[in-house]
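**Q** how does the following fold in three dimensions:
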Amino acid sequence: MLARPSLLVAVLMLGGCAAAPSSPPSSKITTPESVSIAVSDALPASGYLPEQSAVAPGTKYVVVQASGGSLFLGPILGSANISSKTKAMAEEVKGTVLSVDPEPVALDAILHTGLPVNESSSTYTVKPFVFMQHCDDGKFRLSLVFHVQGNGAGSSWVGRYIYDLPTAYDDSRLKSMSPADLANYRAELSAGAAALSDLMQRDLKGELPMKGTAVNFGSLYIMGVKMGGMGIYTQPQEIHFRGQLIEETDSYVTVRLDGHMHNTLMGGGLAFGVHRTSRKLAHTLTPVG
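**A** All right, here's what the predicted structure looks like:
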């Protein structure tokens, strides 16, 4: 496991409230044999996206950033200013990698797993999209997301599966992508869709562990901005979340994190779900205790 000697700071998801659990659907809802999928071209409802985020118009890319807040503005004006800056940023980047639609990439990967895809009658609906977080180091970090909801009156289950795309982009590179850059991005997106399709299938069928090793897990893809104010800050590399390490290899880890999907970025709004990420992209991965 990765270790980090510097201070590790646990982020509180929402003061006074328990985080929503990231767990597989109940076997009472579906059996492994009955699992079928519909792939939607719609984004999740706003209540399932981080507060202060903004959708790049006409795309399935959700931009998240935290600049614009201030202790002097107060919570209401500060939040409004962050939201305004995020919307402006979403407009600025809408002609870049955002031209690549993640939905057909996701559908192709899901079909390759052998999962039945039934648009008219399915047990689960998948809504693929991409988080674009603008971090304190000036780079955009992108994560492919499969947002999954149970269908039918008896199911309120919601799951999220996240794959961190390895390449980070600074502003200038993102706005002037070369053909090679775009080809690399498509390849990373396809690899992510394949990994998430496999994770999702196994989780929906009850084959992915709910618990593993309790760990502190930190990544700039979840929190790439510092916390604090008045000159006293906790750097993003010092921020971690409590989770369950459910799979690991020499190259990647799979971690379940509880959380609140509608929290702000600073409140851990990108944490909830099953994360598949390269070991190289995790700055903190240490056992709890």
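
**Q** only C-alpha atoms from now on, for both contacts and neighbour counts.
**A** Fine.

**Q** where exactly do the helices run in the stretch 1-150 of the chain?
**A** 74-92, 102-113 (DSSP state H, counting those that start in this stretch).

**Q** so what does the shortest one touch, helix or strand wise?
**A** In other words, helix 102-113. strand 124-134, helix 179-204 (3 or more C-alpha pairs under 8 Å, 6 or more residues apart in numbering; DSSP states H and E).

**Q** alpha carbons of stretch 165-180, as PDB, please.
**A** Output of stretch 165-180 as PDB, limited to C-alpha atoms (Å, rounded to 0.1, in the frame of the first residue of the first chain):
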ATOM      1  CA  LEU A 165      -8.500   9.000 -16.500                       C
ATOM      2  CA  PRO A 166      -4.700   9.100 -16.100                       C
ATOM      3  CA  THR A 167      -3.900  12.200 -18.100                       C
ATOM      4  CA  ALA A 168      -4.300  15.600 -16.500                       C
ATOM      5  CA  TYR A 169      -4.500  18.700 -18.700                       C
ATOM      6  CA  ASP A 170      -3.500  22.300 -18.100                       C
ATOM      7  CA  ASP A 171      -5.700  25.000 -19.400                       C
ATOM      8  CA  SER A 172      -3.700  25.700 -22.600                       C
ATOM      9  CA  ARG A 173      -3.400  22.100 -23.600                       C
ATOM     10  CA  LEU A 174      -7.100  21.400 -22.900                       C
ATOM     11  CA  LYS A 175      -8.100  24.300 -25.200                       C
ATOM     12  CA  SER A 176      -5.800  23.200 -28.100                       C
ATOM     13  CA  MET A 177      -5.900  19.400 -28.100                       C
ATOM     14  CA  SER A 178      -3.800  17.900 -30.900                       C
ATOM     15  CA  PRO A 179      -5.000  14.800 -32.800                       C
ATOM     16  CA  ALA A 180      -2.700  12.700 -30.700                       C
END
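
**Q** go through that stretch and flag the buried ones.
**A** 165, 166, 168, 169, 174, 177 (16 or more other C-alpha atoms under 10 Å).

**Q** and stretch 109-125, by the same measure?
**A** 109, 110, 115, 117, 122, 123, 124, 125.

**Q** how near is the residue nearest to the first one when sequence neighbours are not counted to residue 268?
**A** Spelled out, it's residue 109. Using C-alpha to C-alpha, 6 or more residues apart in numbering and skipping the chain neighbours, the partner closest in space to residue 109 is residue 194 (5.1 Å). Distance of residue 194 to residue 268, computed by C-alpha to C-alpha, to the nearest Å: 26 Å.

**Q** check residue 245 too.
**A** 18 Å.

**Q** same deal with residue 136?
**A** From residue 136 to residue 268 the distance is 16 Å (C-alpha to C-alpha).

**Q** of those two, which one has the most company?
**A** residue 268 (23 against 17; other C-alpha atoms under 10 Å).

**Q** hang on, that one packs against residue 242?
**A** No - Residue 268 is beyond contact range of residue 242, at 11.4 Å (criterion: C-alpha atoms under 8 Å).
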